[in-house]
Structure formats: C-alpha cells, structure tokens
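Visitor: Turn this into a model:
(one chain, ligands or ions: 2)
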Amino acid sequence: MRTNLQGDKLAYNTNKLSYRHTRGNHTERNYDKRVENNDPSTMKSKYEQRGKWKDPNPIYKELIGPESVAAFMRVNVQTENGTPIKDVEAFHFTTSILFASSTGGPGSGKGTQCLKIAETFGFDHIGAGDLLRKEIHSDSENGAMIQKLMKEGSIAPSEVTVKLIKKAIESAENRKFLIDGFPRSEENRVAYERIIGAEPNFVLFFDCPEEVMVKRVLNRNEGRVDDNEHTVKERLKVYKAITLPVANHYAKKGKLYKVDGTGTQEEIFERVRPIFASLRYILCSPAAMLPSIYLHQDHDFSELIYSFLQLCFLPN
Ligand SMILES: Nc1ncnc2c1ncn2[C@@H]1O[C@H](COP(=O)(O)OP(=O)(O)O)[C@@H](O)[C@H]1O
Ligand SMILES: O=c1ccn([C@@H]2O[C@H](COP(=O)(O)OP(=O)(O)O)[C@@H](O)[C@H]2O)c(=O)[nH]1
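Guide: Numbers count the residues shown, from 1 in each chain. Ligands and ions are numbered 1, 2, ... in the order given. Predicted coordinates for the structure are as follows:
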C-alpha cells in the first residue's frame with residue numbers, strides 16, 4: 001500500500017495502479033489475473049490460437065496514438081475507492097487532432113457528402129474550393145489569378161490554398177477537420193505536410209463514373225465559372241493526371257477509403273456512415289471504451305486499445 005500526495009491509500013503499488021472498474025473486485029489476485037488477460041501480447045496470442053486475430057484497421061492505428069492513450073490513462077486512473085489519484089501527472093485529456101480529407105473527380109459528390117458528415121459527426125468542414133472562391137470574391141491580391149486558374153480547370157498554387165486551409169484550421173474550435181477536395185496534387189500534399197505539419201489521418205475517395213460526374217456538374221447551377229462543358233473536360237484531365245496519383249499515394253499507405261459515389265445522396269451517405277460512426281464512438285467517448293481493462297504503467301497501451309477496438313467495434 002502507498003499513499004499519494006493527498007494521503008489517499010492507493011490500492012496497489014505504482015506500476016499496478018487500479019483502474020476504475022464498474023463490476024468485479026479490486027483484489028490483488030483479481031487484478032493480476034486481469035492484467036494477464038488484458039495484456040496485449042496475451043490477448044493477441046489468445047486470439048491467434050483461436051484463429052480469430054486480424055490486424056487492426058489502419059484508421060484506428062492512426063487515431064489512437066500512444067499520446068492520447070497515455071492522457072486517457074492519466075485522467076482515468078483512480079484509487080480503490082474511486083477517487084482520482086491526484087498526483088498522477090495531469091488531468092487534462094488530449095485527443096489527437098483528426099484530419100480527414102475527401103477526394104474524387106469534379107461532381108463526384110464530395111461537397112454534398114462532406115456537409116452531411118460534418119453535420120452528423122461534428123467535423124469542421126473546410127472546402128478547399130470554397131476557400132478559393134471566397135478569396136476571389138474578397139478582392140484579395142490573388143483573386144484574379146485564382147479565378148483564371150479555376151476557369152481553365154487548373155489547380156491553384158499550393159502555398160495559397162494551404163495558407164487558406166491553415167487559417168481556417170486555426171480559427172476553428174473543433175479538433176476534427178474534414179478537408180474537402182484537397183490535396184489535389186502531389187505538390188499540394190507536400191505543401192500541406194510542410195505548412196500544417198500533419199497528414200490526413202484518412203482520406204475518403206468518392207468513386208464515380210465520368211458521365212455521372214459531368215452530368216452533375218452541368219446541373220449544379222450555382223453560377224460557378226468552371227461548371228461548363230469546356231472546363232469540366234479540362235478538370236477531368238487534371239483529375240486523372242494529377243489528383244489520382246495522390247489518391248494512390250494514400251491507398252499505398254492504407255489511408256484511402258473508397259466509397260461508391262453512384263446512387264442517391266442518401267444511399268452514398270449510408271456507405272460513408274459506418275466509417276464515421278465507429279470513429280465517433282472512439283473520439284467522443286474514450287472513457288466508455290475501456291470500462292473493464294486494467295492498465296499497467298509500463299505497457300504500450302496503443303496495442304491494448306487496438307486489440308480492444310478490434311474485438312468490439314470493427315466489423316472485419
Ligand atoms: N448522389 C447524387 N445524385 C445526384 N446529384 C447529386 C448527388 N450528390 C450530389 N449531387 C449534386 O451534384 C452536384 C455536384 O455535387 P458536389 O457535392 O458539389 O460534388 P463535388 O464537390 O465532388 O464537385 C451538386 O449540384 C449536387 O447537389
Ligand atoms: O485544393 C484545391 C481545391 C480546388 N481548387 C480549384 O477549385 C476548383 C473547384 O474545386 P471544388 O473542389 O470546389 O469543386 P469540384 O472540382 O470538386 O467540383 C478546382 O477545379 C480548382 O481549380 C484548387 O485549385 N485547389
């Protein structure tokens with residue numbers, strides 16, 4: 001038995017801190033058993049023996065980094081009688097910032113779906129094209145140049161777009177961003193990583209046949225300078241030559257989530273929803289995730305969490 005700074009009796013020694021448990025006993029024997037059962041390597045081999053082990057979905061590997069898990073532990077470690085241990089480093093909780101991106105051809109439905117995602121799952125929606133259009137209408141020094149490039153179906157200089165995205169991120173209160181229609185080129189991607197200092201945690205890709213995209217663009221009717229037959233042809237060329245390779249880059253990293261972009265808006269959203277539904281559970285309610293797992297100070301918690309997620313929430 002040890003005491004902390006407030007004089008509370010700690011249930012176990014420092015590397016056996018008890019984790020608040022809604023059921024069961026906090027006896028030392030019970031605790032040891034639980035540590036053994038929930039130890040990542042034990043857990044993995046147990047499920048491997050049963051032929052049930054699958055590598056976790058890469059989305060979650062990205063999201064639940066050791067940093068957020070460590071913070072999670074600090075907040076939740078408690079004494080035997082349930083009062084928080086106050087000499088544990090800090091009581092703040094920091095979830096990793098989540099950056100999601102969407103890509104796909106013009107008219108593939110990115111904007112429409114991203115708005116629904118943002119509304120349903122509490123993301124800040126940052127439309128790269130929207131930011132550029134605002135810039136055109138704000139009479140900024142770059143406005144005329146951006147308008148010319150848009151009309152040609154080309155891509156604006158990366159520095160300009162990334163700085164606008166950065167500003168939008170900085171002025172948002174949220175920690176979850178959905179950056180729509182970006183990155184559109186390899187140069188965009190590199191500039192984003194350099195200026196923002198992060199890469200998207202995952203990228204949604206709306207897969208849509210060309211004729212469907214063209215039809216949607218020509219019916220968009222929002223008065224855009226680039227929604228005409230000539231420009232849409234140019235945009236499709238740019239998309240195939242310059243944007244698709246970036247999507248392939250993310251695919252190789254296991255970050256690309258391809259969504260069939262045909263059908264009604266509702267049908268598409270039902271394909272997107274499961275991806276974000278499980279994310280929401282993880283991001284909004286980390287404390288709800290691990291009600292019965294004891295944590296061991298020296299462990300790499302991320303593996304433990306991956307195992308848990310894999311067993312409980314992931315469909316495959
Ligand atoms: N599933 C859909 N079926 C029919 N029209 C759609 C669908 N999704 C979006 N649209 C319409 O098609 C146009 C292009 O969609 P948008 O979301 O702006 O695409 P993107 O952002 O990829 O260019 C818009 O007018 C939108 O209302
Ligand atoms: O990161 C971006 C996003 C958009 N655009 C420009 O804005 C236009 C419209 O893009 P948006 O995503 O709004 O529409 P979409 O092409 O998907 O219909 C593109 O063709 C580009 O000219 C750009 O240069 N960089």
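Visitor: Mind listing what's buried along stretch 148-165?
Guide: By neighbour count, and taking 16 or more other CB atoms under 10 Å as the criterion, the buried residues in stretch 148-165 are 149-150, 153-158, 160-165. Using the backbone N, CA and C atoms, a C-beta is placed for each residue, glycine as well.
Visitor: before we move on, what about stretch 183-197?
Guide: Of the residues in stretch 183-197, those with enough neighbours to count as buried (16+ other CB under 10 Å) are 183, 184, 185, 188, 189, 191, 192, 196.
Visitor: which non-adjacent residue is nearest the second one?
Guide: When you say that, I think you mean residue 184. residue 243 (4.9 Å; CB to CB, 6 or more residues apart in numbering).
Visitor: list the contacts for the one you found?
Guide: Contact analysis of residue 243 by CB atoms under 8 Å, 6 or more residues apart in numbering lists 103, 105, 184, 185.
Visitor: next one: residue 217
Guide: If you count contacts by CB under 8 Å, 6+ apart, residue 217 has them with 106, 107, 227, 232.
Visitor: So residue 203 belongs to a strand, correct?
Guide: Yes - secondary structure assignment places residue 203 in a strand (DSSP: H, G, I helix; E, B strand; the rest coil).
Visitor: I'd guessed it sits against residue 247; true?
Guide: Yes - with contact defined as CB atoms under 8 Å, residue 203 counts as touching residue 247 (7.1 Å).
Visitor: Between those two, which contacts overlap?
Guide: 103, 256.
Visitor: Those two - which one has more neighbours?
Guide: Neighbour tally, residue 203 and residue 247, criterion other CB atoms under 10 Å: the higher count belongs to residue 203, 24 against 20.
Visitor: rewinding a little: so of the buried residues of stretch 183-197, which ones are in helices?
Guide: Secondary structure from DSSP state H places 188, 189, 191, 192, 196 of the buried residues of stretch 183-197 in helices.
Visitor: Keep only those of those that are also close to ligand 2.
Guide: Among those, the ones lying near ligand 2 by CB under 6 Å from any ligand atom are residue 188.
Visitor: Could you dump the ones in helices among the buried residues of stretch 183-197 into JSON lines and include distance to ligand 1 and pLDDT?
Guide: Formatted as JSON lines, these follow (distance: CB to the nearest ligand atom, whole Å; pLDDT from 0 to 100):
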{"residue": "188", "distance to ligand 1": "16", "pLDDT": "96"}
{"residue": "189", "distance to ligand 1": "18", "pLDDT": "95"}
{"residue": "191", "distance to ligand 1": "21", "pLDDT": "94"}
{"residue": "192", "distance to ligand 1": "19", "pLDDT": "92"}
{"residue": "196", "distance to ligand 1": "21", "pLDDT": "82"}
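Visitor: and of the ones in helices among the buried residues of stretch 183-197, the nearest to residue 49?
Guide: Comparing those against residue 49 with CB to CB places residue 189 closest, at 41.8 Å.
Visitor: where does the stretch 1-150 of the chain come near ligand 2, residue by residue?
Guide: With CB under 6 Å from any ligand atom as the criterion, the stretch 1-150 of the chain comes near ligand 2 at residues 106, 107, 110, 128, 129, 132, 149, 150.
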